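Visitor: dropping a prediction and its sequence here:
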Amino acid sequence: MYGPDPHKAAHRAALASFNVAGLHASDVSALLDSAGVAVRAGHHCAQPLHGALGVPASARASPYIYNTPAEIVEFGRELREAIQFFRDAM
């Protein structure tokens, strides 16, 4: 996960930009999309930052006040399943 530690940053937004080691963000995003979980993948208007971090892209979840706690739990569950899907395929 990129950005300030959510436990240490008082004014951190709910955005969660992340990568899964060994997987491309677009692949993770596509599999989440097929499960009905909307995330974005790409540079997010931060291509120089991605270059500095040495990553080709990142995925980003953008929860907001209209998301329910159950949807956040579902995101986590589907992300774990997506990771396992790709790990099993390797």
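Guide: Perfect, thanks for sending it.

Visitor: surely residue 7 is within a helix?
Guide: No. The assignment for residue 7, made by DSSP: H, G, I helix; E, B strand; the rest coil, is coil rather than a helix.

Visitor: tell me the confidence at it?
Guide: What the model reports for residue 7 is a pLDDT of 78.

Visitor: gap between it and residue 13?
Guide: In this structure, residue 7 and residue 13 are 15 Å apart, going by CB to CB, to the nearest Å. Any C-beta I mention is one placed from the backbone N, CA and C, and that applies to glycine too.

Visitor: higher neighbour count, those two?
Guide: residue 13 (12 against 6; other CB atoms under 10 Å).

Visitor: for the more buried one, give me phi and psi.
Guide: phi -70, psi 170 (degrees, to the nearest 10).

Visitor: mind listing what's buried along whichever strand or helix holds residue 80?
Guide: Element membership of residue 80 [criterion: DSSP states H and E] is helix 69-89. Applying a neighbour-count criterion of 16 or more other CB atoms under 10 Å, the buried positions in helix 69-89 are 75, 78, 79, 82, 83.

Visitor: wait, isn't residue 1 in contact with residue 18?
Guide: Yes. Under the contact definition of CB atoms under 8 Å, residue 1 touches residue 18, with a separation of 4.6 Å.

Visitor: who has more neighbours out of these two?
Guide: The neighbour count for residue 1 versus residue 18, taken as other CB under 10 Å, is higher for residue 18 (16 against 11).

Visitor: what's opposite that one in the beta bridge?
Guide: Beta-bridge pairing for residue 18 (DSSP bridges): residue 59.

Visitor: which residues touch it?
Guide: Applying CB atoms under 8 Å, 6 or more residues apart in numbering, one finds that residue 18 lies in contact with 1, 2, 58, 59, 60, 61.

Visitor: mind checking pLDDT for the closest residue to residue 15 other than its chain neighbours?
Guide: Leaving out its chain neighbours, the residue that sits closest to residue 15 by CB to CB, 6 or more residues apart in numbering is residue 62, at 5.4 Å. According to the predicted model, the pLDDT of residue 62 comes to 92.
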